[in-house]
Structures are given as C-alpha cells and as structure tokens.
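Chemist: Would you be able to build a 3D model of this:
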Amino acid sequence: MSASATLLLVPGLREEAPGHWQAILAGQCPGAVSLPALGRRNIDLAARLAQIEAAVQAIQGPVVVVAHSGGAIATAHWAQRTRAVIHGALLATPPLFAGPLGPGFPELAEFERHGWAPIPRAPLPFRCVVAASRNDPLGSYEGVSALARDWGARLFDLGESGHLNPASGFGPWPAALELVRALSFAAPMPVGQAA
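Modeler: Next up, the predicted model:
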C-alpha cells in the first residue's frame, strides 16, 4: 500500500466481525481507519454520513474508501453531499433495496424513511470500482452492474460470492488488496470531473 494513501473502511449493516474481509484488509494496511459496524438495526443514515465526513477530514493526505454493502450505499450518499476530495473508492456488493434484507433487519419502508432509498445514481466524483456478485441475495448482478455504470465506476466481477461476507463463506478476499493498491496508485481525478 502506498504510504501516501490511507484506507477508510466503511462497514455496512452488520455486527463487528473479525473474520470479515474488511477487518482482514485493515490488518494488512498499516494506518487504515475503520468506522464501527452499524449492526442490523442502526439505520441512521445522517449519523453515518457525519461519521464518514469526520473520518475523511481527520485523515492527512489521500484517502481511499473501502465500503461493503450498506457502507457502499452510504458512501454514494456521502459523495453527493461532501466537498471533501478522496482518491478513490472500492464499493463491494451494494444492496439494491429491492426486497427484504433478511431476518433482524428493518423493513424497506424504514430504510426509505431514513434516506437510504432511492439510491443515488449520479456519477461519483472519484475513481471507483464496484464489486458485484452473481448470486448476491441483496442485489442482482445486472442491477449492481447498472449502478456501477451510473456511478461511472469500473465493474469487478466477483463470480458467485453471495454477499461477500462470512455468512457466504468469505473471510479473506485477496483481490481487495490489489484493487485498493490500483486505486491508490492511479493518478487522482481532476476536481469537478466524474469518474
């Protein structure tokens, strides 16, 4: 990892999970900053956006955001509101909020009331890779591919990886390190230009 780029890890709606690929990645990248996992019921999007903004502002030098699931959607919402400039983002398996998220999660109407949906579709103002699984129960490959196109992101095909989490059989995700390295070493985008 470049010494000049700091990773900011933005988990989604899950509990803390030491075996999650984001936790493993943080351990491989000295200086990485991790926001706390939200848990399944904490869907205060405004508070999450404030956490992302505060973390980005506190980091000296270039930032690469590494977000998973709801963290990817929160990052897209944050990007529409912030004036901060980041170097790039890896957004893995964003949910499409097209159906229930599963046991223990609020109903979709609650997510809408808290501002998660509709999902922003404007181009993101930084280099971005969206990783999509072909059998993710929270977002079809086609739907996430369309989201990546709208965001101006490069699509990374995960194959059949479920939701890329321990419940899907995934702890380590070795490609994540290579993807964030590529984002870290790419030339930064000119300010005001979409990816």
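Chemist: how close does the spatially most central residue of the chain get to residue 38?
Modeler: For the chain, the residue nearest the mean C-alpha position is residue 67 (2.3 Å; C-alpha atoms, centre = their mean). Separation of residue 67 from residue 38 (C-beta to C-beta, to the nearest Å): 12 Å. Just so you know, the C-beta spots here come from the backbone N, C-alpha and C atoms, and that holds for glycine as well.
Chemist: Run through the strands of the protein in chain order.
Modeler: 6-10, 33-34, 63-68, 88-92, 127-132, 154-157 (DSSP state E).
Chemist: Residue 56 is nearest to which of those?
Modeler: Residue 56 lies closest to strand 63-68 among the strands of the chain, at 5.5 Å (C-beta to C-beta).
Chemist: And that closest one, what does it pack against?
Modeler: With contacts taken as 3 or more C-beta pairs under 8 Å, 6 or more residues apart in numbering; DSSP states H and E, strand 63-68 sits against strand 6-10, helix 21-28, helix 45-58, helix 70-81, strand 88-92, helix 174-185.
Chemist: Need the strands of the chain in TSV (columns: mean pLDDT).
Modeler: Shown next, in TSV, are those (pLDDT from 0 to 100):
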stretch	mean pLDDT
strand 6-10	97
strand 33-34	96
strand 63-68	97
strand 88-92	97
strand 127-132	97
strand 154-157	98
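Chemist: Distance to residue 22 added to those strands, as TSV?
Modeler: Converted to TSV, those look like this (distance: least, C-beta to C-beta, whole Å):
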stretch	distance to residue 22
strand 6-10	5
strand 33-34	7
strand 63-68	6
strand 88-92	8
strand 127-132	12
strand 154-157	16
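Chemist: Pull out the buried residues from stretch 140-155.
Modeler: 140-141, 143-145, 147-148, 150-153, 155 (16 or more other C-beta atoms under 10 Å).
Chemist: Residues contacting that stretch, please?
Modeler: 76, 91, 93-94, 96, 98, 119, 121-124, 128-130, 132-136, 139, 157, 194-195 (C-beta atoms under 8 Å, 6 or more residues apart in numbering).
Chemist: Skipping adjacent residues, who's closest to the residue nearest to the centre of the chain in space?
Modeler: Spatial nearest neighbour of residue 67, excluding adjacent residues (C-beta to C-beta, 6 or more residues apart in numbering): residue 10 at 4.0 Å.
Chemist: how many neighbours does the closest residue in space to residue 119 that isn't next to it in sequence have?
Modeler: Closest residue to residue 119 apart from its sequence neighbours, by C-beta to C-beta, 6+ apart: residue 73 at 5.9 Å. Applying other C-beta atoms under 10 Å, we find 27 residues neighbouring residue 73.
Chemist: got a list of what residue 73 touches?
Modeler: 12, 94-95, 97, 116, 119.
Chemist: Can you pull out the low-pLDDT segments for this structure?
Modeler: Low-confidence segments of the chain, defined by pLDDT under 70: 1-4, 187-195.
Chemist: deepest of the helices and strands packed on strand 63-68, which one?
Modeler: strand 88-92 (a mean of 28; mean count of other C-beta atoms under 10 Å).
Chemist: State the distance from residue 142 to residue 155.
Modeler: Applying C-beta to C-beta to residue 142 and residue 155 gives a distance of 11 Å.
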